[in-house]
Structures are given as structure tokens and as C-alpha cells.
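>>> This is a predicted model, with the sequence first.
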2 protein chains.
Amino acid sequence: MNAGTLFSKPVFSFLRLGRLIVFVLACILLTFSGAQAQPDPLPSWNDTAAKKAIIAFVQTTTDKSNPNYVAPEARIATFDQDGTTWVEQPMYPTMLYCLERVRVLAKEKPELAGVEPFKSVLAEGPKALADISLKDLETLYAATLTGMSVDEFNREVNAWLETTKDPRFGRRYTELVYQPMLEVMQYLRANGYKTYFVTGGGQDFVRAYAERVYGIPPEQVVGTMDAVKFGYDAAGKPVLTKEPKLLLNDVEEGKPEGIHLLIGRRPYAAFGNSTGDKQMLEYTQAGEGMRLMVLVHHDDDKREYAYDAQSKIGTFSDALMNEAKQKGWLVISMKNDWKRIFPWEQ
Amino acid sequence: MNAGTLFSKPVFSFLRLGRLIVFVLACILLTFSGAQAQPDPLPSWNDTAAKKAIIAFVQTTTDKSNPNYVAPEARIATFDQDGTTWVEQPMYPTMLYCLERVRVLAKEKPELAGVEPFKSVLAEGPKALADISLKDLETLYAATLTGMSVDEFNREVNAWLETTKDPRFGRRYTELVYQPMLEVMQYLRANGYKTYFVTGGGQDFVRAYAERVYGIPPEQVVGTMDAVKFGYDAAGKPVLTKEPKLLLNDVEEGKPEGIHLLIGRRPYAAFGNSTGDKQMLEYTQAGEGMRLMVLVHHDDDKREYAYDAQSKIGTFSDALMNEAKQKGWLVISMKNDWKRIFPWEQ
């Protein structure tokens, strides 16, 4: 039987349909084979050992045939923020915001200018914050970051971030993020990791922009945490007010503690840059299987900053460097391992 | 030109290929149209208004063309546990565990039998727990639920859950979960909602089994939260120890407070069963757009329990019922709305 003669009209359309579909299938196959040869997940990284170690960790822990395979639900990666994913010099942006609020407050209540720690902070600015005690810091926080509703606080932080620029770079703080670390976060997420902030910065402060700037949703921000109080406004509408009561000081020991309280799982990868991250990295490493512990080392004063043991901000002590070497933590040289630092650089 | 004559051999195979592909496409189309007529997502619910309201909420908030559409990242649903997703009578399992630990402790330290609140609890059992003050409860918690590592605590809880049975039902507590609520959780998750516990129970206690019993991972359990302390064991290994320091009492006002601290987003749906859930439901409703506020009413003494204003456990007061009516909250009648209560029922 000659199908062509029998169904001459339909054959032609079937023929065209067949060709079209073969073409579409070929395209799909090409797409899939193209997916095998993936584009570089870390294009802003130089092709050094650091980049290779990060890629090896992700490939190993997501390879079902590997003994170090990690089930998708256990894939947790934690990131310090200040100095690890954005610039922390000359002062943490979260504290610059606090300083700004002290100035606003002092206009409303001029008597504060005579009372410590407000007096020093108003007179010396960021310099006074570098040496501040936890007690004085709590006083500043209580006066400037509490008493308003959580929604109001969110609006105030975003208004400040929108209008304030870093003097050296002439950019908003939310632009002073490290492109190589954004790529690591995206790469981890593309491989089923949940990325969390575990930061000394105020939890509500970081939540105000973490989703749009880093792709980290509010429920994945662990930070220094003050209590909130539930109540009702004049119209009877429920409202949450920020309270001057510290629940978690999310630095040093506070980082693994905060990880347990808010996440309840041990991370498989942890990224930090200072002595404040040491305990988080130790806690991460104490888990079974393959773990990735990373320290960002600020050794690039041309493109960013170079600082370590002498710095009051983001201390990278000799002891920390020794521990990193001894325990096999990955130390990132911003100068040598990063092709570019900021998203807006060419 | 007659394509059939010109390419008679290829035409035949193209024709067959074309037919095959048309067949495959038809199958795909059938599959998709089949997906429209989905299987019942809530098979253990009777076909009453309650079931319809839950389905309408999910369909509306996930329909892109609806003004009440909720973006996937904002889809948060919170569940009380005791009395909402498992049996809380005659006493919350989390407190029965505490009582069990008091008995273990009293064997090690017989002098406790003479000291309140241990004395009453040892003499009266669960009855003494129904009236206990927050202060006495903290004393019990401190003595029984703190001082060990978080891993040790997890093991102890699971060992107890494995070996302890509820006297009335002759089942483990983890079997006394409400099948209709498991279905609601699954249905919400299948529609992109993140399901959270927001429970008065101990956060670490609930985390010990929430993933395997309810499909709720540790990072989505908000509960009554005690501090943990980071340190090192004798071998220098990092360890987190449970501390007798209450950070969050996750009942009443504590529920919306805990939601803010641990999630940082307002839920779109909230499920509770008692006055302890009132503020969580109010907070949920105060958000914009469509919200679902649900109270499970225990009115089925044949299959489970019937209790309300008189009960010391899971109080469902007249005031709460009035508020629910006035504000349009959905009140579930276990007797009328649920076809079956437990997964093991036929």
C-alpha cells in the first residue's frame, strides 16, 4: 500500500508536522546536551584552588553515587554578611544606621548630647562605635532601633539605604556587595542548598533588603535579635513593636547558637571573614561527611580594603589564620581569587 | 509536486513518526486535561462548608488572574500543634515527657520528692500539670529539659515517643495525629505554601519528630524556645547544650511574636484550636488580601474528645467562639466536618 497516494493531502501535512516535530525534538536534545556542558557557575572567580574547592564541594555533595552525598532537605549553607558578602569598612552599615538614628533622635531630644554613650557617638561619629562596649551598644540600639512597629522600622531602614552613599565608592551600601559571593549563593541555591544569613547585624535590619539584594528571604535571616511585643494600635489592629530586649547576640558563640535556635540543622557550608565567625565554622566542621568552611581574607587595598589582626572591624587574627590552616578551612584571597569585587565593576 | 511520490520511502516513516508524535501529544494533552480534574485533595473531610472554604482559599491565592493571588515566596501557613494537628487530652504530650523526666530524675535525686513543684507532680501526675504556674513549669523544664546536649535531648525524646503509648487509644502519640490536618498540610505544600508549626510545645521537642510525622522540617518549627550554649566537650568537639533560659513562651502573644522572630513574614493561613491561638489568628487576619483563619473545635467525644470553656487544656471559650463568628474565622467541627480522625482508622 502506498500511503502517499492513499492520503495524499493528509500526508503532506503529516509530513510537515513530522518534520516540525523532529526539529523541535532536535532542539530539545541540543538543549539537554548543552546543559551537560554548563556555563561557568562562578565567572567572577579566578581559576584558582579556591574556586575549584567550592565547585568540588557542590558537585560531591549533590552526587547521589558519592558517599558524601547530602539529601536535599539537609543542604544548608550559612553566610556571615559584614565583610563576607558586603563591605564592612570603615564601619558596619547596620551601625552607621544606628548612628544616623542617634542624630535624628538628638534633634528631637537635645538633652541626649550630654549623656553617654550618645555624647561620644554624636561628637566622634563612626570612630566612637569601633570601641563601643556591648552594654553601650545595647543602650544605643534600645534608643534608636526599638519602640517602633516592625513595619515602620522596615520603611525607615529602606529609606536610609535608598538615600545614603558610601563616601569612598560613592555607591549605596546595597551596591557594595561582592559579586563572587552572589555567584556562590546562586550556585548553591541552583544545587538545592538553602542559603541563610547568620550575621551580627540586626536581624530586622538585614531582612529589610536581603531578599532583593541577595535573594535571601526573611525566614532565612538569622541575626542579632531583639524581642518584639504583640499589642493593638488605637484602631484595635494587631501590631508588633520592637523591644529593647536582646534575645540573641549573633556573633562568636552566638552564631552556632542562633543556627540551632532558628534553623535547627547543622550547616554543610559556612562562610565568614573574622574571629566572629570562628565558632560557626567549627560547629559546621564538627558534623559528619564533607563540609566546607570558608574565610574571606581582605588583602586587596586597591579594589577594597586590606586588614587583619590590627583592625577593630572584622578582625582576622593570626590565631584564626593558624586555625584555618590547621583545620583545612578555605581562605579566600580577595586579591588573587576574585576577578572582580562588585557587580557594577567591568 | 507530489511529496508522496518523490520521497515514497521517507514519507512512510515520516508518516509513522508523525502519527506516533500526534499520539504522544494527544496523551500529553489528556494528561494535562486530567490534571484539571484532580483527585480530591482532602479525602478525609466531609463535603461541608469547611472543606469548601479551605479549597477556595488555596485556589484563589494561587490563581495568577485573581486579585488575591499570593506570590509563591509569601505563601506561609502556620499550625498550632496540640489539639490542632494531634491529640492534647488528657495532657499535652510535651508535658507528659517532662513528667516522665521528673520521675527519672527523682530516682537519681530522691531528695526532689520533698521539694515543690516536683513533690506535687510526682504525687499527682498529669493532674498537677493542668494547674501549674509558668514559674513552676519553668522550674520543671529547667530540671528536666536542659543541661544535656541538643543531640542527646533529641535521642531521649525519640526513645520516649517510640516506647510510650496513650492509654485510651493504645497508640504512640505520633500516631494520634489528625488525618484531615495532614491532608491540609500536604495540600498547602502541593500549592507552594511553606507549612510551619507555631506551637506552645518545646521547639526542640517538636523538631525531634515533626519532619517524619508531619513533613515539617526543623527550620519550620517555631515553639517555646530555651537558649542553648555553645562550648566544647572534653575532646574539644563543639557542642550545644540546652540552657534553662526561656527566650520565647510561644503561646498567646508569643505566637505572633515567634512568627516575626523566626519567620519574619505574616502568614496567609493560620490554624489553631484554643485561646492560645487567638493572637496568631488576629495577626494573620490583619494582613492585606485573602487570609484563612481556622479553629479546630473538639466536639466529638466518641471518636476523640469534646471540650471547650471548662477545659484546662485547649480552652475554647465562648469569647473565642464569638470572636470567630464575628470575624469570619472558620470553625471546624471534628464531629461533622471530618470523615475520619486518625490515619489508622478505616
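Ah, there it is. Numbering: from 1, shown residues only, chains lettered A, B, ... in the order given.
>>> show me the residues around A:D277 that make contact.
A:D277 sits next to A:80, A:84, A:255, A:270-271, A:295 when contact means C-beta atoms under 8 Å, 6 or more residues apart in numbering or on different chains. From N, CA and C alone the C-beta is placed, and that goes for glycine too.
>>> Quick check, A:H298 in contact with A:V87.
No: counting by C-beta atoms under 8 Å, A:H298 does not reach A:V87; the two are 9.4 Å apart.
>>> Give me the common contacts of those two.
A:304-305.
>>> Other residues contacting stretch A:70-80?
So stretch A:70-80 is contacted by A:61-62, A:85, A:181, A:185, A:188, A:191-200, A:222, A:255, A:259, A:263, A:265-274, A:276-277, A:280, A:284, A:289-290, B:211, B:217, B:219 (C-beta under 8 Å, 6+ apart).
>>> In helices only, show me these.
Here DSSP state H is the test, and the contacts of stretch A:70-80 give A:61, A:181, A:185, A:188, A:255, A:259, A:280, A:284, B:211 as lying in helices.
>>> Now the two most distant members of these.
The most widely separated members of these are A:M181 and B:E211, with 29.9 Å between them, by C-beta to C-beta.
>>> Which one's more surrounded, the two?
A:M181 (22 against 16; other C-beta atoms under 10 Å in any protein chain shown).
>>> Next, the nearest residue to the more buried one once chain neighbours are set aside: phi, psi?
In this structure, A:M181 finds its nearest non-sequential neighbour in A:T85, 4.6 Å apart by C-beta to C-beta, 6 or more residues apart in numbering or on different chains. Dihedral angles of A:T85 (phi, psi; degrees, to the nearest 10) stand at phi -120, psi -10.
>>> quick revisit: which pair in the contacts of A:D277 spans the largest distance?
A:K255 and A:L295 (13.5 Å).
>>> So those two - more neighbours on which side?
Between A:K255 and A:L295, counting by other C-beta under 10 Å, A:K255 is the more crowded of the two (30 against 24).
>>> Around the residue nearest to A:M181, how many other residues sit close by?
Neighbours of A:T85 (other C-beta under 10 Å): 27.
>>> pretty sure it contacts A:P180?
No: using C-beta under 8 Å, A:T85 is not in contact with A:P180; the gap is 9.7 Å.
>>> ok so A:K245 is a strand residue?
Yes: using DSSP: H, G, I helix; E, B strand; the rest coil, the assignment for A:K245 is a strand.
>>> Around it, count how many other residues there are.
Neighbours of A:K245 (other C-beta under 10 Å): 13.
>>> For the residue nearest to A:P217 when sequence neighbours are not counted, give its distance to A:E219.
Distances taken as C-beta to C-beta, 6+ apart place A:E211 nearest to A:P217, at 5.2 Å, with adjacent residues excluded. Distance, A:E211 to A:E219, by C-beta to C-beta, to the nearest Å: 10 Å.
>>> same thing with A:T284?
A:T284 is 20 Å from A:E219, where distance means C-beta to C-beta.
>>> the more surrounded of those two?
Higher neighbour count among A:T284 and A:E219: A:T284, with 28 against 23, using other C-beta under 10 Å.
>>> Okay, strands next: where are they in the stretch 51-200 of chain A?
For the stretch 51-200 of chain A, the strands defined by DSSP state E, counting those that start in this stretch occupy A:76-79, A:165-166, A:171-172, A:194-202.
>>> Mind putting the ones you listed into a markdown table with mean pLDDT and mean neighbour count?
A markdown table is the format used below for the strands of the stretch 51-200 of chain A (pLDDT from 0 to 100; neighbours: other C-beta atoms under 10 Å in any protein chain shown):
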| stretch | mean pLDDT | mean neighbour count |
| --- | --- | --- |
| strand A:76-79 | 99 | 26 |
| strand A:165-166 | 96 | 14 |
| strand A:171-172 | 98 | 16 |
| strand A:194-202 | 97 | 25 |
